[in-house]
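K.L.:
need a structure here:
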Amino acid sequence: MAALPSEQFDVIVVGAGIMGSCAAHAAASRGARVLLLERFDLLHHRGSSHGESRTIRATYPQPHYPPLVRLSRRLWDEAQRDAGYSVLTPTPHVDLGPKDDPAFVAAVANGGATELAAGEGGARPKWAEVFRVPEGWTMASSELGGVMKATKAVAMFQALAVKMGAVVRDRAEVVDVARKQGEGTIVVRTSSGEEFHGTKCIITIGAWTSKLVKSVTGIDFPVQPLHVLICYWKVKPGHENELTTEAGFPTFASYGDPYIYSTPSMEYPGLIKIARHGGPPCDPDSRDWAIGSGEGGLVDPVARWIDEVMPGMVDTAGGPVLRQPCMYSMTPDEDFVIDFLGGEEFGMDVVVGAGFSGHGFKMGPAVGKILAEMALDGEARTTAEAGVELRHFRIGRFEGNLMGNARSF
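P.N.:
All right, here's what the predicted structure looks like:
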């Protein structure tokens, strides 16, 4: 269904990644007239919401994330039920880290994880023997884990939104958001000259957020795109079945430097995704797609970690079999931005969701619902229900403090 520029919408969502698609679904499910705009083709691979897998976990050093994860887990189930198919495969989750690392200790406590003490024999899950835990380290397991099929999940929320009456348009690059003079209408303009009119607007454009907000308001928005590399490594012969979801192998995260994360062998038989969190700054419109090799890159530190912590399980000699570029949209404190754009022109009529910093995908359904409530109601009741205070995600936290919520645990 094509949207006509003459149509008036209740909510225009700019950006059809996971956050925008979830926000469009949440608004449409309440009967709102919704337009979802995407600058590239739908389900493109140029942003942060594509690919084969993302993890879900509740182990966070910051106490404001586990409630959002638990709410999202319920919303993932509801969406899968409505769609009639699954995008999330439950698994255990395990965190590894130094026993005296404050961030690791806080994550285990906040996520309700259970330490797996060494030498417990039969009390330990079989997969625990895959890891050679460094001296002074420990690992903790939690049941709230899983692998989400990323691109499939975005498509699911878009399909559900359309089923509820939303209009979806791709190849519609938004270049301006403004209030119509003398009226309450928000006008969204595209590079092709089209204009769309809405009562409210939600901006969820990931790595392009700073550019659009700067163009519209003149404000320097503290969201830095990073180039990251997803690495798939070959499992050594004889161990292929041990590291799979079918065998109960967990998603995992390793604290320290580098911070390593992984999903079980699932999307590519015989391969396992193990990658480094983070990467160098980039411009989303002129990326170096080849970054990743070299001593200071995104591959070598992962290979060293694998050889030390998972010896004999994964072949690192030839490097990763597959390398897939992606982007983070990183705030200085790695917390989200969920707030009204504000100012005299926009007030509470334009909402921004940004800076999901490489760990937001799992919380997409909860964030989308919050963004929709903020746009439609001027407040987010969902945050109160989940026990989350939005103050952690306000834009104003960076005023006079460029590091925002950053803390040493």
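
K.L.:
how near is residue 375 to residue 19?
P.N.:
13 Å (C-beta to C-beta, to the nearest Å). Heads up, the C-betas are built off the backbone N, CA and C, glycines and all.

K.L.:
what about the two, which has more around it?
P.N.:
residue 19 (33 against 28; other C-beta atoms under 10 Å).

K.L.:
which one is that one nearest to, not counting chain neighbours?
P.N.:
residue 204 (4.2 Å; C-beta to C-beta, 6 or more residues apart in numbering).

K.L.:
next, work out how far apart that neighbour and residue 328 are.
P.N.:
From residue 204 over to residue 328 (counting by C-beta to C-beta), the distance is 15 Å.

K.L.:
residue 12 now?
P.N.:
On the measure of C-beta to C-beta, residue 12 and residue 328 end up 26 Å apart.

K.L.:
neighbour count: those two, which is higher?
P.N.:
Taking other C-beta under 10 Å, residue 12 and residue 328 do not tie; residue 12 has more neighbours (29 against 26).

K.L.:
angles on the backbone of that one, please.
P.N.:
The phi and psi torsions at residue 12 (degrees, to the nearest 10) take the values phi -110, psi 120.

K.L.:
helix or strand for the residue nearest to it when sequence neighbours are not counted, which one?
P.N.:
Computed as C-beta to C-beta, 6+ apart, the closest residue to residue 12 that is not its neighbour in sequence is residue 198, at 3.8 Å. Take DSSP states H and E as the rule and residue 198 turns out to sit in strand 195-203.

K.L.:
which elements pack onto the helix or strand following that strand?
P.N.:
Where DSSP H and E defines the elements, the next helix or strand beyond strand 195-203 is helix 209-217. In terms of contact count using 3 or more C-beta pairs under 8 Å, 6 or more residues apart in numbering; DSSP states H and E, helix 209-217 is assigned the packing partners strand 174-179, strand 195-203, helix 343-346, strand 350-354.

K.L.:
to residue 71, which of these lies closest?
P.N.:
Closest to residue 71 of these, according to C-beta to C-beta: strand 350-354, at 15.5 Å.

K.L.:
report the distance from the helix or strand of the chain with the lowest mean pLDDT to the chain centre.
P.N.:
When the helices and strands of the chain are scored by mean pLDDT, DSSP states H and E, helix 381-386 comes last with a mean of 86. Put simply, helix 381-386 sits 20 Å off its chain's centre (C-alpha atoms, centre = their mean, to the nearest Å).

K.L.:
state which helix of the protein is the longest.
P.N.:
helix 66-83 (DSSP state H).

K.L.:
buried stuff in that helix?
P.N.:
Neighbour counts over helix 66-83 (16 or more other C-beta atoms under 10 Å) mark 66-73, 75-76, 79, 83 as buried.

K.L.:
please apply the same query to stretch 82-99.
P.N.:
83, 86-89, 91-98.

K.L.:
out of the residues you listed, who's nearest residue 305?
P.N.:
Nearest to residue 305 among the buried residues of stretch 82-99 is residue 96, at 10.0 Å by C-beta to C-beta.

K.L.:
rewinding a little: beta partners of the residue nearest to residue 12?
P.N.:
Per DSSP bridges, the residues bridged to residue 198 are residue 9, residue 186.

K.L.:
residues contacting residue 364?
P.N.:
By C-beta atoms under 8 Å, 6 or more residues apart in numbering, the residues touching residue 364 are 18-19, 21-22, 72, 153, 157.

K.L.:
over to residue 390?
P.N.:
338-339, 370, 380, 383 are the contacts of residue 390 under C-beta under 8 Å, 6+ apart.

K.L.:
top of those by number of neighbours, please.
P.N.:
Busiest of these [other C-beta under 10 Å] is residue 370, holding 30 neighbours.

K.L.:
and that residue, that's in a strand?
P.N.:
No: under DSSP: H, G, I helix; E, B strand; the rest coil, residue 370 sits outside any strand and is assigned helix.

K.L.:
could you list the buried residues of the strand holding residue 198?
P.N.:
So strand 195-203, judged by 16+ other C-beta under 10 Å, has buried residues 196-203.

K.L.:
select, from these, the two members most distant in space.
P.N.:
The largest distance within these, taken as C-beta to C-beta, falls between 197 and 203 and amounts to 16.0 Å.

K.L.:
out of the contacts of residue 390, which is nearest to residue 165?
P.N.:
Looking across those and measuring by C-beta to C-beta, the closest to residue 165 is residue 370, at 21.0 Å.

K.L.:
wait, the closest one sits on residue 382?
P.N.:
Yes: judged on C-beta atoms under 8 Å, residue 370 makes contact with residue 382 at a distance of 5.2 Å.

K.L.:
what sits against residue 72?
P.N.:
Here residue 72 is in contact with 56, 362-367 (C-beta under 8 Å, 6+ apart).

K.L.:
repeat that for 7 Å
P.N.:
362-366 (C-beta atoms under 7 Å, 6 or more residues apart in numbering).

K.L.:
and if you look at residue 381?
P.N.:
Taking C-beta under 7 Å, 6+ apart as the test, what residue 381 contacts is residue 373.

K.L.:
how about residues contacting stretch 369-377?
P.N.:
Residues from elsewhere that reach stretch 369-377 (C-beta under 7 Å, 6+ apart): 11, 23, 26-27, 30, 32, 75, 200, 202, 338, 340, 351, 353, 379-383.

K.L.:
how about residue 140, nearest residue that isn't a chain neighbour?
P.N.:
residue 113 is the one closest to residue 140 (C-beta to C-beta, 6+ apart), at 3.8 Å.

K.L.:
correction: the previous question concerned residue 347.
P.N.:
residue 340 (7.0 Å).

K.L.:
and the one you found, bridged to which residues?
P.N.:
The partner residues for residue 340, given DSSP bridges, come to residue 351.

K.L.:
ok, residue 334 to residue 50 distance?
P.N.:
21 Å.

K.L.:
swap that for residue 359, please
P.N.:
In terms of C-beta to C-beta, residue 359 sits 16 Å off from residue 50.

K.L.:
of the two, give the one with the bigger neighbour count.
P.N.:
Taking neighbours as other C-beta under 10 Å, residue 359 and residue 50 compare with residue 359 leading, 20 against 17.

K.L.:
can you tell me the SS state at the more buried one?
P.N.:
Under three-state DSSP, residue 359 comes out as coil.

K.L.:
how far away is it from residue 261?
P.N.:
Counting by C-beta to C-beta - residue 359 and residue 261 are separated by 9 Å.
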